[in-house]
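Novice: I'll drop the sequence and a predicted model, then ask my questions.
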Amino acid sequence: MATVVTYDGAPGFIADVLELNGQTVCVLSPDVFTDAETRSLVRTWMRGQGVDCEACLGCSVGVMQQGGNGGDPARP
């Protein structure tokens, strides 16, 4: 499971992934959690980086792909 950090700083930033002390760290824009199209783009990009969001379930991006709400009843 990855560690997730939300970053809302640079214009146009959507996501990045890095490894820190052997742990995968996903850095995501807040838009990833509110916009389905952005979330889909991030999942595709992450897969290209070797991260499978659906298998990880470290954040709501993978959970939402499986039809869940990431534990947040306000999210569809």
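Specialist: Cool, got the structure.

Novice: Now do the lengthiest helix in the chain: which elements does it pack against?
Specialist: Taking DSSP state H as the criterion, the chain has its longest helix at helix 36-48. When contacts are defined as 3 or more Cβ pairs under 8 Å, 6 or more residues apart in numbering; DSSP states H and E, helix 36-48 sits against strand 15-20, helix 31-34, helix 53-56, helix 60-65. No exception for glycine: its C-beta is placed from N, CA and C like everyone else's.

Novice: Quick one: mean pLDDT for it?
Specialist: In this model, helix 36-48 carries a mean pLDDT of 91.

Novice: Quick check: buried residues in it?
Specialist: For helix 36-48, burial by neighbour count (16 or more other Cβ atoms under 10 Å) applies to T38, R39, V42, R43, M46.

Novice: which residues does the closest residue to the fourth one other than its chain neighbours contact?
Specialist: The shortest distance from R43 to any residue that is not its chain neighbour, by Cβ to Cβ, 6 or more residues apart in numbering, is 4.8 Å, and that residue is C53. Contacts were defined as Cβ atoms under 8 Å, 6 or more residues apart in numbering; by that measure C53 touches V42, R43, M46, R47, C59, V61, G62, Q65.

Novice: Closest one of these to G22?
Specialist: G22 lies nearest to M46 out of the contacts of C53, by Cβ to Cβ, at 18.0 Å.

Novice: pLDDT below threshold where in the protein?
Specialist: Scanning the chain with the threshold set as pLDDT under 70 gives 64-76.

Novice: I'd like the distance between the residue most central in space within it and N21.
Specialist: The residue lying closest to the centre of the chain (Cα atoms, centre = their mean) is V61, at 4.7 Å. Note on V61: its distance to N21, by Cβ to Cβ, to the nearest Å, is 22 Å.

Novice: quick one: the nearest residue to M46 once chain neighbours are set aside and P11, what's the gap?
Specialist: The spatial neighbour of M46 that comes closest, neighbours along the chain excluded (Cβ to Cβ, 6+ apart), is C53 at 5.6 Å. Distance from C53 to P11, counting by Cβ to Cβ: 24 Å.

Novice: what sits up against stretch 12-27?
Specialist: By Cβ under 8 Å, 6+ apart, stretch 12-27 touches 2-7, 28-29, 31-32, 38, 41-42, 45-46, 49-51, 56, 58-59.
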